[in-house]
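[1] With the input below, show me the fold.
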Amino acid sequence: MTNTRARGIVFVLASWQMDAPAGIERATAALASGLAAAGHRVAIATAVPHTSRSGLDGVAIEHLDLSVAFPCSDEKLRKAVLQHEDKIQARIWEIIARHQADTVVFTDALWGLGRLAADLPDGVCRVLAAHVLPNAEDAPPALSRADRVIIPSPVVKAEAQAACLPTRGWRVVPNALLHSPSAPPDDEHIERRRSGPVRVLARLGHEKGLVPLLTAADGWDRDLEVMVASAGFESATGSQARLLAECRALADGSSHITLSEGGLAWCEVPLWLAGAAAVIVPSLKETFGLVALEAMSEGVPVVSYPVGNLPALLEHPYATEHLMGDARSGPNTLLDKVDALLADPVAYGRTSKAMYHLAQDYRPDRIALQFFKAVS
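    All right, here's what the predicted structure looks like:
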């Protein structure tokens, strides 16, 4: 992708750090990388201490002093933002000037500081990226101050309309893959992988459906490998530690479940997912489904509930027939779908190839183009 004029874009996300086990952080990195690869000036402003390098080619890192410790709850972060608005505004102006930015993307109403009562320099476009439905307390100020609102899927708009939020002019910019897909898997590789383990990759959040899945998998006769990690944000102080202890107890009581803590570096995620016969995404809600997309990009079948944006990601007649469990029946339906798929080599092969080709629409260069169309 080429551009006649290089532009400057600053992303703001308080919890952003390299290799964070969270979708917004990874999606921000992917879009930033795609824009940088196209020759634009790109920076990410974060409150997490960093070195001067972001770890992403062409993407600068800038520090915001919010005087909070991570992991942090919504309540603590909101209090910090309200107490230090003048200081944060001055810092954002400095960052804009340094990178000659014409666009600032506040990546969430709260965690992306979208609610910040701060003016931007004349001519700078203020974008709110609502990756999830904004909190009722943060939505009004964030939406009233945004010049543009972008969302990763129509699911967020539907949720916002149900909450009686104004959605006119909102535009969809899907999340991008951080790493472009490798070559499509051939038949021999697909058949060899069919005998591998089933894997789950998730951050520690109750909406990710980990406890119900691990409970149901206790009597399953397949190997289930689960990788979990704590994010820089949590619903309440200590909630991630409590959930981890619950998952650990379930895994320790089963001979077929392996639970690993600490997560993976982003560059390791595609390879780890590629080693699975199938990936289960047991989420009870997903406004996009980045883990599913990353597995798909490696040609790995993804089994999930038909919730949120997951049906749209997996929208292929052959794939959806084999991959969508019934949410009303609980996680056993996911395990049954995996069993049926792995027992049918023809269905497995066709589904694997369908997954790979569906993922091509989310290459970072393509999403970067969609971003500029949405915010211009």
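[2] In terms of residue numbering, what are the domains of the chain?
    Each domain of the chain is listed here as a residue range: 8-173, 187-361, per automatic domain parsing.
[3] Please enumerate the strands of the stretch 201-350 of the chain.
    Using DSSP state E, counting those that start in this stretch, the strands found in the stretch 201-350 of the chain span residues 224-229, 233-234, 257-261, 278-281, 302-304.
[4] Looking at those, which is nearest to Gly196?
    Comparison of these against Gly196 by C-beta to C-beta identifies strand 278-281 as nearest, at 8.5 Å. Glycine gets a C-beta too; all of them are placed from N, C-alpha and C.
[5] Name every strand pairing with that closest one and say which way it goes.
    strand 198-203 (parallel), strand 302-304 (parallel) (DSSP bridges).
[6] Just say which of these is most tucked in.
    strand 302-304 (a mean of 26; mean count of other C-beta atoms under 10 Å).
[7] Quote the end-to-end distance of stretch 279-289.
    Stretch 279-289 has its terminal residues 12 Å apart, counting by C-alpha to C-alpha, to the nearest Å.
[8] cool, and stretch 320-340?
    Stretch 320-340 end-to-end distance (C-alpha to C-alpha) = 13 Å.
[9] buried ones in stretch 156-163?
    Buried residues in stretch 156-163, counted by 16 or more other C-beta atoms under 10 Å: 156-157, 159-160.
[10] that older thread, which one, of the domains of the chain, ends up nearest to Ala368?
    Among the domains of the chain, domain 8-173 sits nearest to Ala368 (C-beta to C-beta), with 3.8 Å.
[11] And the helices in the stretch 51-200 of the chain, which stretches?
    Secondary structure of the stretch 51-200 of the chain (DSSP state H, counting those that start in this stretch): helices located at 74-83, 85-99, 139-145, 154-162, 187-193.
[12] I'd like those written out as JSON lines, with mean pLDDT added.
    Below are those laid out as JSON lines (pLDDT from 0 to 100):
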{"stretch": "helix 74-83", "mean pLDDT": "94"}
{"stretch": "helix 85-99", "mean pLDDT": "97"}
{"stretch": "helix 139-145", "mean pLDDT": "96"}
{"stretch": "helix 154-162", "mean pLDDT": "97"}
{"stretch": "helix 187-193", "mean pLDDT": "94"}
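[13] Any chance of a markdown table for those, columns distance to Val269?
    Shown next, in a markdown table, are these (distance: least, C-beta to C-beta, whole Å):
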| stretch | distance to Val269 |
| --- | --- |
| helix 74-83 | 26 |
| helix 85-99 | 28 |
| helix 139-145 | 30 |
| helix 154-162 | 23 |
| helix 187-193 | 17 |
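[14] Thr237 is nearest to which of those helices?
    Of all those, helix 74-83 comes closest under C-beta to C-beta, at 8.1 Å.
[15] Run a quick check on Ala38 versus Ile367, I expect a contact.
    No: contact criterion C-beta atoms under 8 Å: Ala38 and Ile367 do not qualify, at 10.8 Å.
[16] Which elements pack onto the helix or strand of the chain at the bottom of the mean pLDDT ranking?
    Each helix and strand of the chain was given a mean pLDDT (mean pLDDT, DSSP states H and E); the minimum falls on helix 317-323 at a mean of 77. Applying 3 or more C-beta pairs under 8 Å, 6 or more residues apart in numbering; DSSP states H and E, we find helix 317-323 packed against strand 302-304, helix 332-342, helix 345-359.
[17] Now find how far off-centre it is within its chain.
    23 Å (C-alpha atoms, centre = their mean, to the nearest Å).
[18] Mind listing what's buried along that helix?
    319, 322-323.
[19] Among these, which one sits closest to Glu286?
    Leu323 (13.8 Å).
[20] before we move on, the earlier item: now the strands of the stretch 201-350 of the chain in a markdown table, with mean pLDDT and distance to Arg98?
    A markdown table is the format used below for those (pLDDT from 0 to 100; distance: least, C-beta to C-beta, whole Å):
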| stretch | mean pLDDT | distance to Arg98 |
| --- | --- | --- |
| strand 224-229 | 96 | 32 |
| strand 233-234 | 83 | 27 |
| strand 257-261 | 96 | 38 |
| strand 278-281 | 98 | 39 |
| strand 302-304 | 97 | 41 |
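[21] Indicate which one of those strands is closest to Thr215.
    The closest of the strands of the stretch 201-350 of the chain to Thr215 is strand 257-261. By C-beta to C-beta, the value is 10.3 Å.
[22] what is the orientation angle of the closest one with strand 198-203?
    30 degrees (axes from the mean of the first three to the mean of the last three C-alpha atoms, to 10 degrees).
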